[in-house]
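J.: model the structure of this input:
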Amino acid sequence: MSDESFSDVIDDINFDEMENDILNFANEPSVKSYLELGVDLKNYKNQISTELSAAQQASIQDYLKQIPYVTALSNDLNKCDETLQSMEDRLKLFNESLSQMSYYINSIQTKSQEITQKLKNRKEYEALLGEFTRSIAITPEFVREVTESPVGIDYVQTILQLEKKIQFSTRKEIKDINSSQDFLMTLNRLRLRAAENIKNWIIEKTLELVMYPESQPITQENMLRCHKLVEFMKESSLEIDKMCRTNYIENISRYYQEMFYNLWKGVLRKMSQAPLQSDTLAPQQQYFSFFSRRKNTGENTSFFSLGDRQKVLNNLLLPSADIPEGSFSLEFLMQNFYMKYINKVTEEHDFIAAFWADNVMAFSIFSPISKQIEMSMEQLLLKINDPVCVSILLRIISAHRQELNRRRVNCIDQHLNSIEMSLLMRFRLIIQNNISALESTDLSAVIETGHFANAFARRFSEFASSISKLITPANEDNLVPYLDDTAATFCQLFERASKKLPVEKSDAFLINNFIVVANVLRQNGRTTLTQLFDAKHDDACARFVEICIQNHFGDLVSTVKSAYPNIENMNPPTKTNFGPTVLMRIANDFKENHSAEMKTIADSMLTLFGDFTDGRNILRNIAKRTVLYWTKFEQLAKAIMEKDPNSMRWVNSMLSIQQLVLDIRLLTESF
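T.: Here you go, the predicted model:
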């Protein structure tokens, strides 16, 4: 830098303005505090100016010394620019070379892809040619394997190879080759020969299943391992497949028909004859002597009792077993028979589905067997007269149907429906026969044992109890109406028979018989049928109580009933024109004789009612009713006394209600 330029810089400085700034700066508090110390600013300024001038001179000298270096640096920068320009030119040339190279690379890639596609096509062609060569190659060894090898698990592999050749021959490009016609004809002959071999093998295995039933599981397992043969046979020839299936159905169906025919004969041979007895709810004449001696209910009603048959109900799906010779209940034998039947149906259904891939063949196999069983069942049902037996058979059929549904086997659903319908029809007919027997029963036979519970009630109670235990939501619509009809007929019979007895024993007869039925039914839980007999029993008890009080306290009862339309409420009497003398006589007579009369009534309970608890309850009802009549009589007497106090003074000496209750309580509690 020259001196002239430095002078120009100095000249540009406005020192007046700077001086003003210094003065303003001096007024700053922090600066002012230092100025107050007495520093000489002018001298200080001169000193600073001297130092500043020295520094400027030193800086100028230093700058002048650096000028050669700056000049050298400028020359170096110019050389660098020239070098960079040269490099840029070379890079442009290199870039042009790269572009040319990229074009060559793209060209090479295109040619490479073409070569790759040609190689791929060549490989596919070679593979197709190789497959064609292998597939059309039918060697003598392969022909012998197809035509002469024994059918079995090894034969499956041969059939798979043949099937592969057949599938290859179905390709359009193969069919279009003229030279392939001989190959196709040879394949067709081999296919038919293989199908024929498979058919013969299945027929042979079918005979094994029939002739050697003990080895059926092993035979079926071997057949299942070769189920691919069935698929090949069906695809090769529908005619051969149909012939083979028909043969299987006929032989297996015949085998099962013979099996279950023998099992059914075993059922008929081993069954107890009890359900075949011509017995009804109306006991036969020869039984009356036993009932008159009051045999217990179990001895008199075994025909309608569940007995050991309860074990069948406890496990309706009990596993089947070979039953030895002897006598067994029909229900047990039928449960075992049908368990074997549904097990065989299930086994055959599952085998056919796996081996034949068919859901209809099982129905064709078991349809003749089911019809055979249905005909035999209808003949047997014509002889059965036990409604409990028929009801248990209904439960067995229902349980086995549910089990088959769980197993998803439906090929004998129609059979089970038919059997169920036959059982229902027989049940209805048996019930109608029993109702007819009750309706035509000689009333003198019903009351032969007098007013005590008799064989009719005990038989009906066991019948109703057994049928009630057999009712389920599934069969209640079929059983309950007939049970209700039978109960209604039974009640009508006993109500008609009761009219043949003396008045004092008529209601006792109904009470004794209805309580027997109600108590037996109550053991099964309170049902509508139990409520019916409870209501019939309560009605008879109410009539008996009223008649008993009327017989022993007739004047009291007739007077109270004349005075009160309804003695059950607290309303005053509607009639009070009774003579005081008559009322006093009734009051005195009741006061003197009520204890003796009540004792007579209590003693009669022992001879009238077979159920001690029921007799005691009836006695208590008589006592309560008697107290009610006396209470209403006292109310009547006091009502008349209000109108005629003089003639009714004796009212104050009447038997008090409290004393009457005390007297009667002593009798009822000692009963």
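J.: measure residue 357 to residue 235 for me?
T.: In this view, residue 357 and residue 235 are 12 Å apart by C-beta to C-beta, to the nearest Å. Quick note: C-beta positions are derived from backbone N, CA and C, even for glycine.
J.: helix or strand: which one has residue 106?
T.: helix 41-136 (DSSP states H and E).
J.: show me what secondary structure element comes after that helix.
T.: Assigned by DSSP H and E, the successor of helix 41-136 is helix 140-148.
J.: from the chain's centroid, how far away is that following helix?
T.: Remark: helix 140-148 is offset 56 Å from the chain centroid, using C-alpha atoms, centre = their mean, to the nearest Å.
J.: now the element after it, going C-ward?
T.: helix 153-169.
J.: tell me, what residue is most central in the chain?
T.: residue 406 (10.1 Å; C-alpha atoms, centre = their mean).
J.: what is the neighbour count of residue 160?
T.: If you count neighbours by other C-beta atoms under 10 Å, residue 160 ends up with 11.
J.: distance of the residue nearest to the centre of the chain from residue 317?
T.: 10 Å.
J.: swap in residue 639?
T.: In terms of C-beta to C-beta, residue 639 sits 74 Å off from residue 317.
J.: also residue 389?
T.: Relative to residue 317, and taking C-beta to C-beta, residue 389 is found at 19 Å.
J.: under a three-state scheme, what state does residue 662 occupy?
T.: Classification of residue 662 by DSSP: H, G, I helix; E, B strand; the rest coil places it in helix.
J.: so the helix holding residue 106 versus helix 153-169, what angle?
T.: 100 degrees (axes from the mean of the first three to the mean of the last three C-alpha atoms, to 10 degrees).
J.: mind listing the helices for the stretch 351-500 of the chain?
T.: 361-381, 387-407, 413-439, 443-446, 455-470, 476-498 (DSSP state H, counting those that start in this stretch).
J.: in JSON lines, list these along with mean pLDDT.
T.: Listed next are the helices of the stretch 351-500 of the chain as JSON lines, based on pLDDT from 0 to 100:
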{"stretch": "helix 361-381", "mean pLDDT": "96"}
{"stretch": "helix 387-407", "mean pLDDT": "96"}
{"stretch": "helix 413-439", "mean pLDDT": "95"}
{"stretch": "helix 443-446", "mean pLDDT": "88"}
{"stretch": "helix 455-470", "mean pLDDT": "90"}
{"stretch": "helix 476-498", "mean pLDDT": "93"}
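J.: deepest of these, which one?
T.: Looking across the helices of the stretch 351-500 of the chain with neighbours counted as mean count of other C-beta atoms under 10 Å, the highest average goes to helix 455-470: a mean of 24.
J.: other SSEs contacting that one?
T.: Secondary-structure packing of helix 455-470 (3 or more C-beta pairs under 8 Å, 6 or more residues apart in numbering; DSSP states H and E): helix 288-292, helix 297-300, helix 387-407, helix 476-498, helix 503-522.
J.: now the longest one and helix 413-439, what's the angle there?
T.: This means helix 476-498. 10 degrees.
J.: can I get helix 476-498 in PDB? Just the C-alpha atoms.
T.: Written as PDB, here are the backbone C-alpha positions of helix 476-498 (Å, rounded to 0.1, in the frame of the first residue of the first chain):
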ATOM      1  CA  GLU A 476     -93.300 -85.900  25.600                       C
ATOM      2  CA  ASP A 477     -95.600 -84.900  22.700                       C
ATOM      3  CA  ASN A 478     -96.200 -88.500  22.000                       C
ATOM      4  CA  LEU A 479     -96.400 -90.000  25.500                       C
ATOM      5  CA  VAL A 480     -98.000 -87.300  27.700                       C
ATOM      6  CA  PRO A 481    -101.400 -87.000  26.000                       C
ATOM      7  CA  TYR A 482    -101.900 -90.800  26.200                       C
ATOM      8  CA  LEU A 483    -100.800 -90.900  29.800                       C
ATOM      9  CA  ASP A 484    -103.200 -88.000  30.600                       C
ATOM     10  CA  ASP A 485    -106.100 -89.900  28.800                       C
ATOM     11  CA  THR A 486    -105.400 -93.000  30.800                       C
ATOM     12  CA  ALA A 487    -105.300 -91.000  34.100                       C
ATOM     13  CA  ALA A 488    -108.600 -89.400  33.200                       C
ATOM     14  CA  THR A 489    -110.200 -92.800  32.500                       C
ATOM     15  CA  PHE A 490    -108.800 -94.200  35.700                       C
ATOM     16  CA  CYS A 491    -110.300 -91.300  37.700                       C
ATOM     17  CA  GLN A 492    -113.700 -91.700  36.000                       C
ATOM     18  CA  LEU A 493    -113.700 -95.400  36.800                       C
ATOM     19  CA  PHE A 494    -113.000 -94.800  40.500                       C
ATOM     20  CA  GLU A 495    -115.500 -92.100  40.700                       C
ATOM     21  CA  ARG A 496    -118.200 -94.300  39.200                       C
ATOM     22  CA  ALA A 497    -117.200 -97.200  41.400                       C
ATOM     23  CA  SER A 498    -117.300 -95.000  44.600                       C
END
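J.: now do that helix: which elements does it pack against?
T.: Against helix 476-498 (3+ C-beta pairs under 8 Å, 6+ apart) you get helix 387-407, helix 413-439, helix 443-446, helix 455-470, helix 503-522, helix 528-552.
J.: chain center to the second one, what's the gap?
T.: Okay, so that is helix 413-439. Here the centre of helix 413-439 is set off from its chain's centre by 29 Å, with C-alpha atoms, centre = their mean.
J.: show me what it packs onto, helices and strands only.
T.: By 3+ C-beta pairs under 8 Å, 6+ apart, helix 413-439 packs against helix 361-381, helix 387-407, helix 476-498.
J.: how far off centre is the last one?
T.: It stands for helix 476-498. 35 Å.
J.: returning to that earlier point: could I get the helices of the stretch 351-500 of the chain as TSV with distance to residue 353?
T.: Converted to TSV, the helices of the stretch 351-500 of the chain look like this (distance: least, C-beta to C-beta, whole Å):
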stretch	distance to residue 353
helix 361-381	8
helix 387-407	12
helix 413-439	16
helix 443-446	60
helix 455-470	35
helix 476-498	34
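J.: save the helices and strands packed on helix 476-498 as JSON lines, and put in distance to residue 91 too.
T.: Formatted as JSON lines, the helices and strands packed on helix 476-498 follow (distance: least, C-beta to C-beta, whole Å):
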{"stretch": "helix 387-407", "distance to residue 91": "87"}
{"stretch": "helix 413-439", "distance to residue 91": "93"}
{"stretch": "helix 443-446", "distance to residue 91": "134"}
{"stretch": "helix 455-470", "distance to residue 91": "108"}
{"stretch": "helix 503-522", "distance to residue 91": "116"}
{"stretch": "helix 528-552", "distance to residue 91": "111"}
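J.: between those helices, which one is closest to residue 340.
T.: helix 387-407 (10.7 Å; C-beta to C-beta).
J.: just the CA atoms of the closest one, as PDB, please.
T.: Output of helix 387-407 as PDB, limited to C-alpha atoms (Å, rounded to 0.1, in the frame of the first residue of the first chain):
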ATOM      1  CA  PRO A 387     -96.500-100.000  27.400                       C
ATOM      2  CA  VAL A 388     -93.400 -99.500  29.600                       C
ATOM      3  CA  CYS A 389     -91.400-101.900  27.400                       C
ATOM      4  CA  VAL A 390     -92.500-100.000  24.200                       C
ATOM      5  CA  SER A 391     -91.600 -96.700  25.900                       C
ATOM      6  CA  ILE A 392     -88.100 -97.900  26.800                       C
ATOM      7  CA  LEU A 393     -87.600 -99.100  23.200                       C
ATOM      8  CA  LEU A 394     -88.500 -95.600  22.100                       C
ATOM      9  CA  ARG A 395     -85.800 -94.200  24.300                       C
ATOM     10  CA  ILE A 396     -83.300 -96.700  23.000                       C
ATOM     11  CA  ILE A 397     -84.100 -95.800  19.400                       C
ATOM     12  CA  SER A 398     -83.900 -92.000  20.200                       C
ATOM     13  CA  ALA A 399     -80.500 -92.400  21.900                       C
ATOM     14  CA  HIS A 400     -79.000 -94.400  19.000                       C
ATOM     15  CA  ARG A 401     -80.300 -91.800  16.500                       C
ATOM     16  CA  GLN A 402     -78.600 -89.100  18.500                       C
ATOM     17  CA  GLU A 403     -75.400 -91.100  18.600                       C
ATOM     18  CA  LEU A 404     -75.400 -91.600  14.800                       C
ATOM     19  CA  ASN A 405     -76.000 -87.900  14.300                       C
ATOM     20  CA  ARG A 406     -73.000 -87.300  16.500                       C
ATOM     21  CA  ARG A 407     -71.000 -89.700  14.400                       C
END
